[in-house]
Structure formats: C-alpha cells, structure tokens
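Q: Kindly generate the corresponding structure for this input.
(one chain, ligands or ions: 1)
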Amino acid sequence: MIDLTPLDTLYDAGREDDLPLPAELARLYGPLRFPPHPHRPYVIGNFVTTLDGVVSLKAAGHAGGGDISGFDPHDQMVMGLLRAAADAVIVGAGTLRASPQILWIAEQTYRPLADVYRSFRAASGKPQPPLNVIVTARGEIDLGLPVFQSGLVSVLIVTTAEGARRIQAQRPSSAIQIEAVENTSSLSVRSILEAVGRVRPCEVILTEGGPRLMGDFLAEKQLDELFLTLAPQIAGRDNVTERPGLVAGKIFAPQQAVWGTLRGIKQGGSHLFLRYSFESATAAE
Ligand SMILES: NC(=O)c1ccc[n+]([C@@H]2O[C@H](COP(=O)([O-])OP(=O)(O)OC[C@H]3O[C@@H](n4cnc5c(N)ncnc54)[C@H](OP(=O)(O)O)[C@@H]3O)[C@@H](O)[C@H]2O)c1
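A: The predicted structure follows:
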C-alpha cells in the first residue's frame, strides 16, 4: 500500500471515458479523462507555480520545480501520472540545463508508484516510456547527460540546421534522433509537433515547458490543456535575479489575452491541482 493520501476532488468538468488507471492510481487521483481529439494528439502542459507566480527560483542548486512544489509527493504523483499517460514529453533546452540529471519518465517522479505507472502504460498499449523531446535552436546540448546516455528512453532533439551541425559534431549514438526543422532562433511549435509525430505516433503529448517554450505553445494556440499545481509558498522577487512565471518571452494581455476554462480542481493538503483548457488552433481546423 502506498503511503499517500488521495487527492480530494473539488471540481471535475470531465464527462469523457476514463483512461485505464490501475486501482492504486485511481484511488490517489480519481479518474483521468481527456476530451475526444480525433485524428490529432491532445497536447497538455504541466507546471508548478508558487502563490506569487514563480516557476523557478533561478538559484544555484534550486532552479528546478521541486523547490517550487516543496518536493510535494502529490505533485510528484500527478507529474508521474501525466508522463505515464503521454506518448512524448517535450521540454526546452533551458529546462534540461536546469535539471541535467532528469529523464522525463514517470518512474523518476513519485518512485513508490514506479510499477503502477508501468502497468498503466502497459494497459494503455504503451509499453515503452514516452519519447523524450528536447527543443534547442543553438544545439549547445551536452550529449553526455543521462537522458542521452541511460538507454532507458528514446530521445528526439528538434533543432535548426546549425544546431544539428553542433550536435552531430559530438557524434551522437543512433539512439538519438535529430530533426532540423527550421532555420530560426524560434522554431514554430507546429513544426516541433510535426517532427515528434514523424518519430512517434502520439495520442497524448505532454510539455513540461519551460517558460520560454510554454510561451510559444500558447502563442500558437497549440496547448489544449494546462495541469497547474499551485504550491502554497511565496517566493518573492528582487531586481537582481529574474524569477520567471509560467511564460517567458511573450506578451499576451491585454491585446491578445489568453483565457482558460476551468476543468478541474483537486486538493492535496495546502496544494491545489488545477486543470485549465485553452482554445486550440489545431482543434478548430
Ligand atoms: N516550475 C515548473 O513547473 C517548471 C517547469 C519547467 C521549467 N522550469 C524552470 O524554468 C527554467 C528554464 O526556463 P526557460 O524559459 O529557459 O526554459 P525552456 O523553455 O525550457 O528553455 C529555453 C531554451 O529552450 C530552447 N527553446 C525553447 N523554445 C524554443 C523554440 N520555440 N525554438 C527553439 N528553441 C527553443 C532554446 O534553447 P537554446 O538556447 O539551446 O537554443 C531556449 O534558450 C528552469 O529553471 C526550469 O527548472 C520550471
């Protein structure tokens, strides 16, 4: 038995079919459902933020999401659940640089549930871990990092022609796929998603950001839904270190404000687990 209390569901707008969660995950999270999305992947994001909107402390050794959530086991459980539901997890190179030891697999989140996550994937017909996708324009990526070397995950790097040249100079193993999609310092999310689809057919794609990449997903209306953990701490800001929020590098409001629709609220202690859906350009086509 897992030593974690179930999340309390305060609101759930979902009326769709449940994903085949193992009993332990269903007990801890409740049902997990995504709206129908015929002929295209459903794109979700997952972030944790403080009450004052900080997603990274940007302090040496404390730049990752764990310092934001307080290493909250419910947050780790939800992160694992979403990775376990995903065919691919996409992150920007900044997130890899901030957390260089990470593999984007469920088993590295709430570790007592590792076997349960694996059986969820097996029941979903996804025996292998999600494709780990790294987005970089410059291609200044250290191929010695565990995500590239562990042999546990397939990796796709989506980049520019210049970035691809830099990466090829490190003589990557054949397990690392490289797609050069555009020659611009900001790759379009549409081309990133197409590159992912060429490598692995996807029903659910998860992005864990960071803020720069998340801004691009929102700007192109390529995010169907955001799973946002609200952690009950106030991190503060000063004029010395930039502490980003959910989005960096893009301005939306007031001219192009992005409004979400509440789909769910769960509570675990003083942490809230929110789901917001967004208008998707792909769904409208
Ligand atoms: N609290 C949370 O839930 C959470 C989640 C994720 C990340 N974070 C934190 O956020 C911080 C990183 O922030 P960030 O804004 O630097 O994250 P990021 O979006 O992961 O990284 C930015 C870098 O990724 C590449 N990139 C992103 N979008 C791109 C695009 N459309 N086209 C081409 N390249 C693109 C570029 O890499 P190149 O420079 O290599 O070209 C860019 O410099 C870290 O401290 C991390 O821990 C927090």
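Q: For the residue sitting nearest the centre point of the chain, give me its contacts.
A: Nearest to the geometric centre of the chain sits residue 208, at 2.2 Å (C-alpha atoms, centre = their mean). Shown in contact with residue 208 (C-beta atoms under 8 Å, 6 or more residues apart in numbering): 45, 46, 47, 79, 89, 90, 91, 95, 104. All C-beta atoms are positioned from the backbone trio N, CA, C, and that covers glycine.
Q: can you rerun that using 10 Å?
A: Residues in contact with residue 208 (C-beta atoms under 10 Å, 6 or more residues apart in numbering) are 44-48, 65, 79, 82-83, 86, 89-92, 95, 99, 102, 104, 214, 227.
Q: For the ligand, tell me which of the residues you listed show up nearby.
A: Among the contacts of residue 208, the ones lying near the ligand by C-beta under 6 Å from any ligand atom are 47, 48, 65, 91, 92, 95, 99.
Q: Next, format those as CSV and append secondary structure.
A: As requested, these are exported to CSV (DSSP: H, G, I helix; E, B strand; the rest coil):
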residue, secondary structure
47, strand
48, strand
65, helix
91, strand
92, strand
95, helix
99, coil
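Q: Could you single out the nearest of those to the ligand?
A: Among these, residue 92 lies closest to the ligand (C-beta to the nearest ligand atom), at 2.5 Å.
Q: and the closest one, how many neighbours does it have?
A: Residue 92: 24 surrounding residues under other C-beta atoms under 10 Å.
Q: And residue 59, by the same measure?
A: When neighbours are defined as other C-beta under 10 Å, residue 59 has 11 of them.
Q: go on, residue 28?
A: Residues near residue 28, counting by other C-beta under 10 Å, number 22.
Q: Use 63 as the first number for this chain going forward.
A: Got it, first residue is 63 now, which makes that one residue 90.
Q: Please name the nearest non-neighbouring residue to it.
A: The shortest distance from residue 90 to any residue other than its chain neighbours is 5.1 Å, reached at residue 68 (C-beta to C-beta, 6 or more residues apart in numbering).
Q: mind checking how far the one you found is from the ligand?
A: 23 Å (C-beta to the nearest ligand atom, to the nearest Å).
Q: swap in residue 322?
A: The spacing between residue 322 and the ligand, counted by C-beta to the nearest ligand atom, is 16 Å.
Q: Check residue 257 too.
A: Distance from residue 257 to the ligand, by C-beta to the nearest ligand atom: 11 Å.
Q: residues touching that residue, list them.
A: Applying C-beta under 10 Å, 6+ apart, we find residue 257 in contact with 152, 195, 197, 218-221, 239-244, 249.
Q: Neighbour-wise, give me the winner out of these.
A: Greatest neighbour count in the contacts of residue 257, by other C-beta under 10 Å, goes to residue 152: 29 neighbours.
Q: Cross-check the contact I'm expecting between that residue and residue 279.
A: Yes - counting by C-beta atoms under 10 Å, residue 279 is a contact partner of residue 152 at 8.8 Å.
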